[in-house]
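Asker: I would like to see how this sequence folds:
(one chain, ligands or ions: 1)
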Amino acid sequence: MSLINQVIQSFPGLVAVKKLSGEHVVVNESYKGFFPFDVHGLTLDDIINKIENKDVIDLLLQCKVNDAAALAEPDKMKTSIETFLDTSFESVRYIMTDGGDEFMALLSWDITEKVKTADKLNARLQHDDLTGIANKTALMQRTFNNNNTVVYLDLDNFKRINDTFGHLKGDEMLRKFALHINHQLRDKDTIYRVGGDEFVVVFEDVGKVKIDERLTQIRHNIEQDDEFLGISFSFGLHAMSHDITLSGALESADKLLYMSKQLRRNQC
Ligand SMILES: Nc1nc2c(ncn2[C@@H]2O[C@H](COP(=O)(O)OP(=O)(O)OP(=O)(O)O)[C@@H](O)[C@H]2O)c(=O)[nH]1
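Answerer: Take a look at the predicted model:
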């Protein structure tokens, strides 16, 4: 076996060289392993037409898109990610010339572990350790539509709990507050902890009257919970619309929350 062939065969991933018209001219054993027939001389379209395995077809369709992107910028080495079932491949494609002919070389290697680690890290970055719910990073990264309503909730006089009963008791109350809120949410609503004693709920497809009912129920449950030591919460609400950003909606909800807090203070 020639030296170059040994390099291709011992590459810990997939290697394929195709003519620019798409016919495969060189493939290594790992690449061959995807197909029950010899792919030499065949294009991706030929293979898609011959093959029955839907997962392989899905992989080849991703390859077609990424081949086209590489061909659109022949001067650059293009990097992309393709998935096959639970496996993720990082691929590079570049255009080579040999004897006046042009070819596309594809090198792919398995990055499943790297992707899993990145996913775990990302999940941790979006998670509040104390309460186990999503945090502000998750809120800022999610998408919104006009059927969403954001509600800002904040415990009243929470500092007093910390000062009187200690930080651990305060922590316990924050966890219980998150639970009380969560119990009143449907699967499609989401709760986030966005600060010390501040929480945001994003409601889906539900009007203000129903949201008020949920919040009243949360308040009632907290009042019945002896561990809450008479502490309650204030809230402000803003329905999303196409002309407002999340920050704008949160700011508006926060203003209403502040006004409600002042009102509750004046009533005491
Ligand atoms: N136990 C505990 N306390 C926290 C945590 N994060 C922030 N805090 C405390 O939360 C308190 C928030 O205080 P404030 O912002 O003054 O809120 P408040 O006392 O509820 O006052 P109002 O919001 O005006 O009703 C501070 O005492 C913070 O130290 C946490 O993770 N655990």
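
Asker: Enumerate the positions of the helix or strand Ile47 falls within that are buried.
Answerer: Take DSSP states H and E as the rule and Ile47 turns out to sit in helix 44-50. Within helix 44-50, the residues that count as buried by 16 or more other CB atoms under 10 Å are 44, 47. Yep, even glycine has a C-beta here, placed from its N, CA and C like the rest.

Asker: ok, now stretch 28-42?
Answerer: Those would be 28, 30-32, 34-35, 39, 42, for stretch 28-42 by 16+ other CB under 10 Å.

Asker: cool, stretch 218-237 as well?
Answerer: Buried residues in stretch 218-237 (16+ other CB under 10 Å): 218, 222, 228, 231, 233-237.

Asker: can you check stretch 134-153 too?
Answerer: Neighbour-count burial for stretch 134-153 [16+ other CB under 10 Å]: 134-136, 138-139, 144, 148-153.

Asker: Just the pLDDT for Cys268.
Answerer: Per-residue pLDDT puts Cys268 at 58.

Asker: got the contact list for the residue of the stretch 1-150 of the chain found nearest the ligand?
Answerer: Nearest residue of the stretch 1-150 of the chain to the ligand, counting by CB to the nearest ligand atom: Leu130, 5.4 Å away. Neighbouring residues of Leu130 by CB atoms under 8 Å, 6 or more residues apart in numbering: 171, 174-175, 193.

Asker: Dump those to a markdown table, plus pLDDT.
Answerer: Below are those laid out as a markdown table (pLDDT from 0 to 100):
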| residue | pLDDT |
| --- | --- |
| Asp171 | 96 |
| Leu174 | 96 |
| Arg175 | 96 |
| Arg193 | 98 |
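
Asker: The buried residues of stretch 134-153 in helices, which ones?
Answerer: 136, 138-139 (DSSP state H).
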